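S.K.: Take this sequence and fold it.
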Amino acid sequence: MGIFKRLRDMTMASINDLLDKAEDPVKMLNQFLRDMEEDILEAEAAVAKQIAIEKKFKQQYEEAEELVTRREEQAMKALEQGNEDLARRALQDKKEQQARYDELKTLYTTAKANADQLRSQLSEMKDEFGKMKNKKDLLIARAETAKAQKSINQAMTGFGVDNAAKGFDRMTEKVMQMEAEAQASSELRGSNRSLDDELAQLDKSGGVDDELAALKARVAAKKQQ
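M.R.: Now for the predicted structure:
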């Protein structure tokens with residue numbers, strides 16, 4: 001039946017195929033469960049109608065069965081009272097009621113079989129729906145993980161070791177250039193010292209030498225004592 005088509009489709013569909021084809025698996029899963037709920041409601045209505053038909057035929061064939069029994073009893077009573085014509089008419093109606101009973105019993109049997117089948121299919125749909133609800137959280141978690149991984153991969157596209165290494169090399173060269181310029185500046189300053197600077201340095205060296213000579217003299221005098 002058409003109302004159970006989605007159940008068959010779900011049984012045949014794979015989880016991976018769902019995740020691969022869906023632009024937004026989270027929305028698709030929620031929508032899919034809503035569709036299943038609608039189908040279950042539709043199926044429940046169909047099952048209810050079939051059960052009503054089953055009960056109607058059951059009531060009618062039971063009434064016909066009771067009437068067959070009653071007509072036979074009435075025909076017997078009419079004969080006992082010497083009313084053969086009434087007994088004949090009672091038996092004729094009994095025959096008609098028997099045919100009606102046989103037909104209604106067949107209709108009831110068919111209706112019951114259909115109702116039982118629909119009940120089973122409805123139960124299967126509800127079981128499948130329960131399974132899908134339990135799997136939904138896991139599928140959503142997988143989908144979110146996949147989306148996060150994809151975002152990270154896209155962000156990492158322009159963030160590589162080669163780019164970082166090239167950047168460090170450029171900075172290293174720049175620092176070396178700055179150091180070389182500083183060294184050259186120091187050497188240039190040394191070559192341009194004035195005469196006064198050199199004389200001042202000489203005076204400084206002489207002062208130290210004199211002080212050192214005085215200390216030596218004191219040490220020598222102390223040893224002679």
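S.K.: Quick check: phi and psi at the residue nearest the centre of the chain.
M.R.: Nearest residue to the geometric centre of the chain (CA atoms, centre = their mean): residue 140, 1.8 Å. In terms of degrees, to the nearest 10, the main-chain angles of residue 140 are phi -60, psi -40.
S.K.: what does residue 81 give?
M.R.: Note on residue 81: its backbone torsions stand at phi -90, psi 10 [degrees, to the nearest 10].
S.K.: same thing with the one 3 residues further on?
M.R.: When read as degrees, to the nearest 10, the backbone of residue 84 gives phi -70, psi -40.
S.K.: Now for it: which residues touch it?
M.R.: Residues near residue 84 by CB atoms under 8 Å, 6 or more residues apart in numbering: residue 78. All C-beta atoms are positioned from the backbone trio N, CA, C, and that covers glycine.
S.K.: Against residue 66, how distant is it?
M.R.: Note on residue 84: its distance to residue 66, by CB to CB, to the nearest Å, is 25 Å.
S.K.: any weak-confidence spans in the protein?
M.R.: Low-confidence segments of the chain, defined by pLDDT under 70: 1-23, 155-165, 187-208, 225.
S.K.: Can you give the domain ranges for it?
M.R.: 2-159, 167-224 (automatic domain parsing).
S.K.: quick one, which of those domains is packed in tightest?
M.R.: Stretch with highest mean neighbour count among the domains of the chain: domain 2-159 (a mean of 14; mean count of other CB atoms under 10 Å).
S.K.: how far does it sit from the chain's center?
M.R.: Mean-position distance between domain 2-159 and its chain equals 30 Å (CA atoms, centre = their mean, to the nearest Å).
S.K.: In the protein, mark out all the helices, start to finish.
M.R.: Ranges of helices within the chain are 5-12, 15-21, 25-80, 84-156, 161-191, 195-224, based on DSSP state H.
S.K.: coming back round to it: these two touch, right, the residue nearest to the centre of the chain and residue 28?
M.R.: No - here residue 140 does not reach residue 28: they are 10.4 Å apart, not a contact under CB atoms under 8 Å.
S.K.: ok so, going back, now do the residue nearest to the centre of the chain against residue 32, distance only.
M.R.: Noted for residue 140: a distance of 12 Å to residue 32, by CB to CB.
S.K.: rewinding a little: distance of the residue nearest to the centre of the chain from residue 37?
M.R.: To residue 37, residue 140 is 18 Å away according to CB to CB.
S.K.: do residue 96 as well
M.R.: In this view, residue 96 and residue 37 are 49 Å apart by CB to CB.
S.K.: same question, residue 145
M.R.: Separation of residue 145 from residue 37 (CB to CB): 27 Å.
S.K.: for residue 47, same thing?
M.R.: Using CB to CB, residue 47 is found at 15 Å from residue 37.
S.K.: Residue 134 too?
M.R.: In terms of CB to CB, residue 134 sits 15 Å off from residue 37.
S.K.: Kindly report the same for residue 28.
M.R.: From residue 28 to residue 37 the distance is 15 Å (CB to CB).
S.K.: Can you pull the phi/psi pair for residue 83?
M.R.: Main-chain torsions, residue 83, degrees, to the nearest 10: phi -100, psi 80.
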